[in-house]
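[1] the sequence isn't on hand, but the structure is:
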Ligand code: URA
């Protein structure tokens, strides 16, 4: 087949700061998916985009081309409206687990087609797999049954057919220092979410040390780009910018985070996890036309828990089985009296990862039991010798490197620090 463009011209155009034509974008994504454009050429183009950027039209076309590279799902036959959530990833971010069944308790279908963790941020599927028997891979018919007539929520692996161009490109960006770039992140995330076919979407865009976006302006730009892409494709989209300077909740690590999520579903749990679960759930039920849903009541009276148990059982899991517990633990204690003034999300994330909660390479096994339990959060008063954190692992030879990751990752000061009251920093709505 004769190709209509020469990839070198496309790379050169972007390298020199020009706008790519829609036809060039369609072709380059398609040719990359077919293997006609090689990884080394796409890497050069990704770096040119990283350095030169893309305008909104280019990002929109790039996103559409990635959607067109694969199949799309269609939930329009379901008797319930669909609402989805996507988080840009953080430390201790277990929100999908209580959120999906909570929203489903109001007869809104929640398709959470999720991924695994890579690096210091955890993955939802890795967390769910801490539950005995639970299966991430399920056929499309089962997804439709669970959403339509079953529990109304499903957390499962995204099929390989959705936006295959993104799968290839994301793996390439990961090894060419081209991940943290607004046009490439926004098109990557939104191509998968739009291909999935949800009616509405809320984006949880993390800001801070443990997030892709370290500062608020960059996070705002990412959020508004993604919201515009969603709206342009007919998906009701809003975004919340939320704090990721410190871990969310009191746990980071797979089984530990499931335990904390179940506490929230039982009407308890840490304040920040409850706050964010409710804020995201409010966006989802409102987008589905149920703005007055009494979400707090559904956490307290067991309705959300019932949906959780049904959802876990439908995928072969036993929601009542005890969660695995680490054989080895190590306590980190306060060296002085004072206030915990800083607890860095990145340091805790890297430490949990080194304990075995995350993977360094695709396909590696993670430990269900590994992770970190926090006994104090920024603003809490602490006494010398008091346990600040407990490290958990199945393999104690990992402790030294995990402890080293926490070096400089927290501070104790004599004066009470000012702490953020709310984990939600800002809301960006689609028009
Ligand atoms: N998550 C994605 O799916 N894609 C990105 O580019 C970054 C985070």
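    Sure, I can see it. No experiment lies behind these values; they were computed from the predicted model shown.
[2] any chance you could map the strands in the stretch 201-350 of the chain?
    Using DSSP state E, counting those that start in this stretch, the strands of the stretch 201-350 of the chain run over 236-243, 251-253, 328-333, 338-343.
[3] isn't residue 236 up against residue 230?
    Yes. In terms of CB atoms under 8 Å, residue 236 counts as a neighbour of residue 230; the distance is 7.5 Å. Heads up, the C-betas are built off the backbone N, CA and C, glycines and all.
[4] the nearest residue to residue 160 once chain neighbours are set aside: how many residues sit nearby?
    Take residue 160 and drop its neighbours on the chain: the residue closest to it by CB to CB, 6 or more residues apart in numbering is residue 167, 7.1 Å away. Using other CB atoms under 10 Å, residue 167 is surrounded by 19 other residues.
[5] for residue 167, what are phi and psi?
    phi -60, psi -50 (degrees, to the nearest 10).
[6] and it, how far from the ligand?
    Using CB to the nearest ligand atom, to the nearest Å, one gets 10 Å for the distance from residue 167 to the ligand.
[7] any idea how far residue 33 is from that residue?
    10 Å (CB to CB, to the nearest Å).
[8] neighbours of the residue in the chain positioned nearest to the ligand, just the number please.
    Per CB to the nearest ligand atom, the residue of the chain with the smallest distance to the ligand is residue 188, at 3.5 Å. For residue 188, the neighbour count with other CB under 10 Å is 22.
[9] so that it lines up with my notes, have the first residue be 614 from now on.
    Sure thing, new numbering starts at 614, so read that last one as residue 801.
[10] which residues does it contact?
    Contacts for residue 801 were tallied using CB atoms under 8 Å, 6 or more residues apart in numbering; they are 679, 779, 782-783, 786.
[11] just send those residues back as CSV, with neighbour count and pLDDT too.
    Shown next, in CSV, are those (neighbours: other CB atoms under 10 Å; pLDDT from 0 to 100):
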residue, neighbour count, pLDDT
679, 29, 98
779, 25, 93
782, 27, 94
783, 19, 88
786, 23, 91
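[12] reformat those residues as JSON lines; add distance to residue 859 and secondary structure.
    Below are those laid out as JSON lines (distance: CB to CB, whole Å; DSSP: H, G, I helix; E, B strand; the rest coil):
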{"residue": "679", "distance to residue 859": "34", "secondary structure": "helix"}
{"residue": "779", "distance to residue 859": "30", "secondary structure": "helix"}
{"residue": "782", "distance to residue 859": "32", "secondary structure": "helix"}
{"residue": "783", "distance to residue 859": "27", "secondary structure": "helix"}
{"residue": "786", "distance to residue 859": "27", "secondary structure": "helix"}
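[13] tell me the one of the residues you listed nearest residue 719?
    residue 779 (31.1 Å; CB to CB).
[14] shouldn't that closest one be in contact with residue 805?
    Yes. At 6.2 Å, residue 779 counts as touching residue 805 under the criterion of CB under 8 Å.
[15] how far off strand 941-946 does the helix or strand containing residue 1004 point, in degrees?
    Taking DSSP states H and E as the criterion, residue 1004 maps to strand 1000-1006. Put simply, strand 1000-1006 runs at 160 degrees to strand 941-946, going by axes from the mean of the first three to the mean of the last three CA atoms, to 10 degrees.
[16] which residues does the helix or strand just after strand 1000-1006 contact?
    Heading C-terminal from strand 1000-1006, the first helix or strand you meet, by DSSP H and E, is helix 1012-1018. With CB under 8 Å, 6+ apart as the test, helix 1012-1018 has contacts from 941, 943, 945, 960, 963-965, 967-968, 1004, 1006.
[17] distance from the chain centre to helix 1012-1018, please.
    25 Å (CA atoms, centre = their mean, to the nearest Å).
[18] now do the same contact list for residue 855.
    817-820, 889, 1036-1038.
[19] top of the residues you listed by neighbour count?
    residue 818 (31 neighbours).
[20] what pairs with that one across the strands?
    Taking DSSP bridges, one obtains residue 854 as the residues bridged to residue 818.
[21] let's see the pLDDT reported for it.
    In this prediction, residue 818 carries a pLDDT score of 97.
[22] touching, it and residue 829? I think so.
    No. Here residue 818 lies out of contact with residue 829, judged by CB under 8 Å, at a distance of 10.0 Å.
[23] overlap of the contact sets of these two?
    With CB under 8 Å, 6+ apart, residue 818 and residue 829 have common neighbours residue 854.
[24] and the gap between the residue nearest to residue 773 and residue 804?
    Taking CB to CB, one finds residue 780 at 10 Å from residue 804.
[25] what of residue 872?
    On the measure of CB to CB, residue 872 and residue 804 end up 34 Å apart.
[26] where along the stretch 814-963 of the chain do the helices fall?
    Along the stretch 814-963 of the chain, counting by DSSP state H, counting those that start in this stretch, helices occupy 829-845, 867-878, 884-900, 908-913, 916-927, 958-965.
[27] could you say which of those is packed most deeply?
    helix 958-965 (a mean of 27; mean count of other CB atoms under 10 Å).
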